[in-house]
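Enquirer: Show me the folded form of this:
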Amino acid sequence: MLSSNTVALHADKTYPQQKMSRSSIRASIELHHSTVRVTVRVPSVQPGGRVIRYIGGASAMIGEREKTMVAVIQQMVEWIDNHLDENLSVNRISTKSGYSIWHFQRKFMQLTGLNVYEYVRVRRIINTAYILTRSRKRILEIAVENGFNCQASFTRTMRDLTGFTPGQMRAHFTGNEEGLEKILRTLMSPD
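Expert: As a prediction, the model looks like this:
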(Lines give C-alpha, C1' and ligand atoms only; values in the text may rest on other atoms or scores of the structure.)
Protein backbone atom coordinates (compact mmCIF):
# COMPACT_ATOMS: atom_id res chain seq x y z
CA MET A 1 0.00 0.00 0.00
CA LEU A 2 1.40 3.39 -0.99
CA SER A 3 1.50 6.25 1.44
CA SER A 4 -0.42 9.39 0.53
CA ASN A 5 2.75 11.20 -0.53
CA THR A 6 3.94 8.68 -3.14
CA VAL A 7 2.70 7.75 -6.56
CA ALA A 8 3.40 4.47 -8.38
CA LEU A 9 5.04 4.93 -11.76
CA HIS A 10 5.97 1.34 -12.47
CA ALA A 11 5.03 -1.84 -10.69
CA ASP A 12 8.45 -2.03 -9.03
CA LYS A 13 9.13 1.67 -8.33
CA THR A 14 7.53 4.49 -6.41
CA TYR A 15 8.52 8.13 -6.34
CA PRO A 16 7.55 10.96 -4.01
CA GLN A 17 4.35 12.53 -5.30
CA GLN A 18 5.09 15.83 -7.00
CA LYS A 19 2.83 18.69 -6.03
CA MET A 20 1.07 19.18 -9.33
CA SER A 21 -0.74 22.38 -10.05
CA ARG A 22 -1.72 24.33 -13.11
CA SER A 23 1.03 26.83 -12.31
CA SER A 24 3.76 24.21 -12.77
CA ILE A 25 2.81 23.76 -16.45
CA ARG A 26 3.76 26.76 -18.59
CA ALA A 27 3.14 27.74 -22.20
CA SER A 28 5.06 30.15 -24.39
CA ILE A 29 5.21 31.44 -27.94
CA GLU A 30 8.65 31.15 -29.47
CA LEU A 31 10.03 32.71 -32.60
CA HIS A 32 12.33 30.12 -34.19
CA HIS A 33 13.95 30.87 -37.58
CA SER A 34 11.15 33.27 -38.54
CA THR A 35 8.42 30.79 -37.62
CA VAL A 36 6.22 30.80 -34.53
CA ARG A 37 5.87 27.77 -32.26
CA VAL A 38 3.63 27.26 -29.27
CA THR A 39 5.43 25.30 -26.57
CA VAL A 40 3.87 23.84 -23.42
CA ARG A 41 6.38 22.65 -20.82
CA VAL A 42 5.46 20.04 -18.20
CA PRO A 43 7.87 19.16 -15.38
CA SER A 44 8.76 15.49 -14.95
CA VAL A 45 7.29 13.49 -12.09
CA GLN A 46 10.56 11.56 -11.70
CA PRO A 47 13.35 13.14 -9.67
CA GLY A 48 15.87 14.54 -12.15
CA GLY A 49 13.60 13.59 -15.06
CA ARG A 50 13.26 15.51 -18.28
CA VAL A 51 10.85 18.32 -18.95
CA ILE A 52 8.14 17.24 -21.39
CA ARG A 53 7.51 19.70 -24.21
CA TYR A 54 4.51 19.84 -26.49
CA ILE A 55 5.21 21.92 -29.56
CA GLY A 56 2.58 23.08 -31.99
CA GLY A 57 1.77 25.98 -34.19
CA ALA A 58 0.99 26.88 -37.73
CA SER A 59 4.65 27.43 -38.68
CA ALA A 60 3.68 30.76 -40.18
CA MET A 61 6.55 32.76 -41.61
CA ILE A 62 6.92 36.00 -39.72
CA GLY A 63 7.98 39.31 -41.19
CA GLU A 64 9.19 42.34 -39.29
CA ARG A 65 5.68 43.79 -39.01
CA GLU A 66 4.35 40.59 -37.43
CA LYS A 67 6.93 40.54 -34.61
CA THR A 68 4.87 43.05 -32.62
CA MET A 69 1.84 40.79 -32.86
CA VAL A 70 3.96 37.80 -31.76
CA ALA A 71 4.86 39.76 -28.62
CA VAL A 72 1.17 40.52 -27.97
CA ILE A 73 0.23 36.87 -28.47
CA GLN A 74 3.04 35.82 -26.10
CA GLN A 75 1.74 38.21 -23.44
CA MET A 76 -1.76 36.84 -23.89
CA VAL A 77 -0.56 33.21 -23.68
CA GLU A 78 1.11 34.05 -20.37
CA TRP A 79 -2.02 35.87 -19.19
CA ILE A 80 -4.21 32.89 -20.20
CA ASP A 81 -1.87 30.54 -18.27
CA ASN A 82 -2.33 32.65 -15.16
CA HIS A 83 -6.13 32.78 -15.52
CA LEU A 84 -7.07 29.24 -16.64
CA ASP A 85 -9.20 28.83 -13.52
CA GLU A 86 -11.43 31.74 -14.55
CA ASN A 87 -14.15 32.20 -17.16
CA LEU A 88 -12.10 32.97 -20.28
CA SER A 89 -14.18 34.11 -23.21
CA VAL A 90 -12.68 35.10 -26.54
CA ASN A 91 -14.17 38.55 -25.94
CA ARG A 92 -12.41 38.93 -22.58
CA ILE A 93 -9.07 37.74 -23.95
CA SER A 94 -9.18 39.95 -27.05
CA THR A 95 -10.24 42.97 -24.97
CA LYS A 96 -7.26 42.33 -22.68
CA SER A 97 -4.99 42.25 -25.77
CA GLY A 98 -6.23 45.63 -26.95
CA TYR A 99 -7.32 44.31 -30.35
CA SER A 100 -10.75 43.63 -31.78
CA ILE A 101 -12.10 40.11 -31.44
CA TRP A 102 -11.89 39.58 -35.19
CA HIS A 103 -8.30 40.81 -35.55
CA PHE A 104 -6.97 39.07 -32.44
CA GLN A 105 -8.66 35.76 -33.28
CA ARG A 106 -7.36 35.90 -36.86
CA LYS A 107 -3.77 36.65 -35.79
CA PHE A 108 -3.84 34.09 -32.96
CA MET A 109 -5.00 31.42 -35.40
CA GLN A 110 -2.45 32.47 -38.02
CA LEU A 111 0.44 32.32 -35.55
CA THR A 112 -0.49 29.35 -33.35
CA GLY A 113 -2.63 27.15 -35.57
CA LEU A 114 -5.39 27.12 -32.94
CA ASN A 115 -8.18 29.59 -32.39
CA VAL A 116 -8.29 31.22 -28.96
CA TYR A 117 -11.17 29.05 -27.71
CA GLU A 118 -9.44 25.83 -28.81
CA TYR A 119 -6.18 26.95 -27.25
CA VAL A 120 -7.82 27.55 -23.85
CA ARG A 121 -9.52 24.12 -24.01
CA VAL A 122 -6.26 22.38 -24.96
CA ARG A 123 -4.30 24.11 -22.17
CA ARG A 124 -6.93 23.16 -19.61
CA ILE A 125 -6.93 19.53 -20.75
CA ILE A 126 -3.12 19.30 -20.68
CA ASN A 127 -3.12 20.69 -17.13
CA THR A 128 -5.91 18.44 -15.92
CA ALA A 129 -4.47 15.30 -17.55
CA TYR A 130 -1.22 15.74 -15.64
CA ILE A 131 -2.96 16.57 -12.38
CA LEU A 132 -5.22 13.52 -12.79
CA THR A 133 -2.27 11.19 -13.35
CA ARG A 134 0.03 12.72 -10.74
CA SER A 135 -2.29 13.31 -7.81
CA ARG A 136 -5.21 11.81 -5.95
CA LYS A 137 -7.36 14.94 -6.07
CA ARG A 138 -11.03 14.43 -6.73
CA ILE A 139 -12.10 14.88 -10.35
CA LEU A 140 -14.59 17.62 -9.47
CA GLU A 141 -11.90 19.54 -7.58
CA ILE A 142 -9.52 19.31 -10.56
CA ALA A 143 -12.27 20.45 -12.92
CA VAL A 144 -13.21 23.53 -10.90
CA GLU A 145 -9.58 24.51 -10.23
CA ASN A 146 -8.97 24.53 -13.99
CA GLY A 147 -11.90 26.66 -15.09
CA PHE A 148 -14.58 24.09 -15.85
CA ASN A 149 -18.07 24.94 -14.61
CA CYS A 150 -18.84 21.39 -13.57
CA GLN A 151 -17.59 17.84 -13.78
CA ALA A 152 -19.90 17.05 -16.71
CA SER A 153 -18.40 19.88 -18.78
CA PHE A 154 -14.89 18.70 -17.89
CA THR A 155 -15.71 15.08 -18.76
CA ARG A 156 -17.26 16.08 -22.09
CA THR A 157 -14.29 18.28 -23.05
CA MET A 158 -11.68 15.69 -22.08
CA ARG A 159 -13.53 12.93 -23.93
CA ASP A 160 -13.95 15.13 -27.04
CA LEU A 161 -10.25 16.09 -27.14
CA THR A 162 -8.57 12.87 -25.96
CA GLY A 163 -11.10 10.06 -26.32
CA PHE A 164 -10.88 9.35 -22.58
CA THR A 165 -13.03 10.41 -19.64
CA PRO A 166 -11.14 11.81 -16.61
CA GLY A 167 -11.58 8.50 -14.75
CA GLN A 168 -10.27 6.55 -17.73
CA MET A 169 -7.38 9.00 -18.10
CA ARG A 170 -6.40 8.45 -14.47
CA ALA A 171 -6.74 4.66 -14.69
CA HIS A 172 -4.88 4.22 -18.01
CA PHE A 173 -2.12 6.82 -17.72
CA THR A 174 -1.05 7.03 -14.06
CA GLY A 175 2.49 5.73 -14.33
CA ASN A 176 2.37 5.70 -18.13
CA GLU A 177 3.90 9.06 -19.06
CA GLU A 178 4.84 7.89 -22.56
CA GLY A 179 1.24 6.97 -23.35
CA LEU A 180 -0.03 10.23 -21.88
CA GLU A 181 2.52 12.22 -23.90
CA LYS A 182 1.40 10.51 -27.09
CA ILE A 183 -2.27 11.37 -26.48
CA LEU A 184 -1.59 14.98 -25.46
CA ARG A 185 0.95 15.70 -28.21
CA THR A 186 -1.81 15.48 -30.81
CA LEU A 187 -3.66 18.35 -29.10
CA MET A 188 -0.94 20.89 -29.92
CA SER A 189 -0.76 20.00 -33.61
CA PRO A 190 -3.24 21.93 -35.71
CA ASP A 191 -5.24 19.91 -38.22
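Enquirer: In this structure, which helix is the longest?
Expert: helix 116-134 (DSSP state H).
Enquirer: remind me which residues of this structure are low pLDDT?
Expert: Scanning the chain for pLDDT under 70 picks out the ranges 1-23, 29-37, 44-49, 53-55, 57-61, 190-191.
Enquirer: quick one on the thing from earlier: check which helices and strands the longest helix of the chain sits against.
Expert: Packed against helix 116-134 by the contact rule (3 or more C-beta pairs under 8 Å, 6 or more residues apart in numbering; DSSP states H and E) you find strand 35-42, helix 67-82, helix 90-97, helix 101-112, helix 139-145, helix 151-162, helix 166-173, helix 177-185. (Glycine included, C-beta is placed from N, CA and C.)
Enquirer: Select, out of those, the one closest to Gly56.
Expert: strand 35-42 (4.9 Å; C-beta to C-beta).
Enquirer: My guess is Ser189 contacts Gly56. True?
Expert: Yes. Contact criterion C-beta atoms under 8 Å: Ser189 and Gly56 qualify, at 5.2 Å.
Enquirer: anything in contact with each of the two?
Expert: When contacts are counted by C-beta atoms under 8 Å, 6 or more residues apart in numbering, Ser189 and Gly56 are jointly contacted by Gly113.
Enquirer: one step back: pick the most deeply packed of the helices and strands packed on helix 116-134.
Expert: Comparing these by mean neighbour count (mean count of other C-beta atoms under 10 Å), strand 35-42 comes out on top with a mean of 20.
Enquirer: For Arg136, see how far away the residue most central in space within the chain is.
Expert: Computing the C-alpha centroid of the chain and ranking residues by C-alpha atoms, centre = their mean puts Arg123 first, at 2.6 Å. The spacing between Arg123 and Arg136, counted by C-beta to C-beta, to the nearest Å, is 23 Å.
Enquirer: Same question for Phe104.
Expert: Counting by C-beta to C-beta, the gap from Phe104 to Arg136 is 39 Å.
Enquirer: which one of Ser189 and Gly56 has more residues nearby?
Expert: It is Gly56, of Ser189 and Gly56, that has more neighbours when counted by other C-beta atoms under 10 Å, with 20 against 12.
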